[in-house]
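In: Requesting a structural model of the entry that follows:
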Amino acid sequence: MHSDERSAQAPISESDLVEIIKQRVNGGGAVPDGEVGVGDDAAVLRFDADHIVLTADAMVDGVHFLSDSMTWHDIGWKCIVSNQSDIAAMGAQPEHAVLTLAIPATTRVGDLEGILSGVIGALDRYGGKLVGGDTVSSDRIIISVSMTGRLLNEEKPLKRDTARPGHLVAVTGPLGGSAGGLMAMKEATQGKHQINADDEAQLLNAHFRPNPRVDLAGALVEFGAECAMDVSDGLLLDLERICVASGVDAVVDAARVPIEPALQRAYPEVATELALTGGEDYELVYAADAETIADVNSAQHSGEKAQFGIVGKIIPRQRTDAKVTVLDEAGREIEFDAKGWDHFAG
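Out: Residues are numbered from 1 along each chain as shown. Here you go, the predicted model:
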């Protein structure tokens, strides 16, 4: 039975679920010759590369998102772009995705189609194809995605352990928008609409529908960058992870960190902190020389060129543990209660 023959409010069976996914992914048609897609025990894929990039990410209701505050479409979108961002951070393009859905037995057909519209929308926009997965009943929504990618340079994936003293630290876009959107969402659920409506809409969009920088993976590789990571848990925490892997330290100039304009207007008192520690912006942070950074900036849309670029520098390791030091305009160190989002920090 096709999904359009069922009420969007009807509960769903596993067979119905698989059939809906098949219809949405394949349109009922055939997959390329020699390949096997959704509906069999496993997918069969054709690769023309020597190396495959592989990543996985899970999202849990109440931890990574709040289902009572998001549309089903946005939930599906976000679970895909987090993986696409990881692929981009390796200097690769998304290829295939496998989706595991753990959802309550009371989930309606319309809800599932909402998730799939977000999943397929993100894949259509940023690359990749859904080729399989699994479904299971659960008390809470858990979505897990595994994704493959194709390296843009087979010999040089972007890595965390290739930052060197003398490199500059750069980011590909404004930060803090997602964290600002989370703040706005929490205020709205409490009946507090304290900020400009346009700013609120922009921040909520940044939180619910982030945009991974798949478009700049090619520029990073082409212009010789070797070290990158996506900003998923907060700039300071993610940059510290680069420092740990590379055996270096970093210094960040807080005044040079690009802040999402709507965040700066809506929450000026915490904008810098959220830009440095907020997470889920899915921009890329990378370490390279000044010429490479200038070339990467030139690959951005003309309206963005002046906004983004160098935010700090890589320095030799000063002590046993890696450290990212944040300085204000007067050169004084700034400290924050948290560096970013740590799933196991309590």
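In: Can you pull out the low-pLDDT segments for this structure?
Out: Low-confidence segments of the chain, defined by pLDDT under 70, are located at 1-34, 36-43, 49, 301-308, 341-346.
In: which residues in it form strands?
Out: Using DSSP state E, the strands of the chain run over 53-60, 92-103, 129-137, 142-151, 168-171, 227-230, 248-253, 284-288, 310-316, 324-327, 333-334.
In: Can you lay out the ones you listed as TSV showing mean neighbour count?
Out: No exception for glycine: its C-beta is placed from N, CA and C like everyone else's. Output for these, formatted as TSV (neighbours: other Cβ atoms under 10 Å):
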stretch	mean neighbour count
strand 53-60	17
strand 92-103	23
strand 129-137	18
strand 142-151	22
strand 168-171	24
strand 227-230	25
strand 248-253	21
strand 284-288	27
strand 310-316	19
strand 324-327	19
strand 333-334	11
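In: Which of these sits closest to Pro268?
Out: With Cβ to Cβ as the measure, strand 333-334 is the member of these nearest Pro268 (15.9 Å).
In: Mind listing the strands that closest one pairs with, and their directions?
Out: Paired with strand 333-334 in the same sheet, following DSSP bridges, are strand 324-327 (antiparallel).
In: what's the spacing between the strand it pairs with and its chain's center?
Out: Here strand 324-327 is found 24 Å from its chain centre; the criterion is Cα atoms, centre = their mean, to the nearest Å.
In: Kindly report the same for stretch 140-147.
Out: The answer for stretch 140-147 is 14 Å, by Cα atoms, centre = their mean.
In: Burial check on Ala206, number of neighbours?
Out: 27 (other Cβ atoms under 10 Å).
In: dump the residue contacts of the nearest residue in space to it that is not next to it in sequence.
Out: Nearest residue to Ala206, sequence neighbours excluded (Cβ to Cβ, 6 or more residues apart in numbering): Gly177, at 3.2 Å. Contact partners of Gly177, counting by Cβ atoms under 8 Å, 6 or more residues apart in numbering, are 202-203, 206-207, 260, 262-263, 281.
In: For Met70, see how far away Gly177 is.
Out: 16 Å (Cβ to Cβ, to the nearest Å).
In: Wait, His51 touches Glu154, no?
Out: Yes - counting by Cβ atoms under 8 Å, Glu154 is a contact partner of His51 at 5.8 Å.
In: When these two are compared, which one has more neighbours?
Out: Each of His51 and Glu154 has its neighbours counted (other Cβ under 10 Å); His51 has more, 13 against 10.
In: Contact partners for Leu101?
Out: Taking Cβ under 8 Å, 6+ apart as the test, what Leu101 contacts is 17, 112, 115, 133-136, 142-143.
In: Give me the neighbour count for the closest residue to Thr71 other than its chain neighbours.
Out: Excluding its sequence neighbours, the residue lying closest to Thr71 (Cβ to Cβ, 6+ apart) is Gly114, at 6.3 Å. For Gly114, the neighbour count with other Cβ under 10 Å is 18.
In: Look up which residues are beta-bridged to the closest residue to Leu168 other than its chain neighbours.
Out: Nearest-residue entry for Leu168: Ile310, 4.9 Å, with adjacent residues in sequence omitted and distances by Cβ to Cβ, 6+ apart. Under DSSP bridges, the beta-bridge partners of Ile310 are Ala170.
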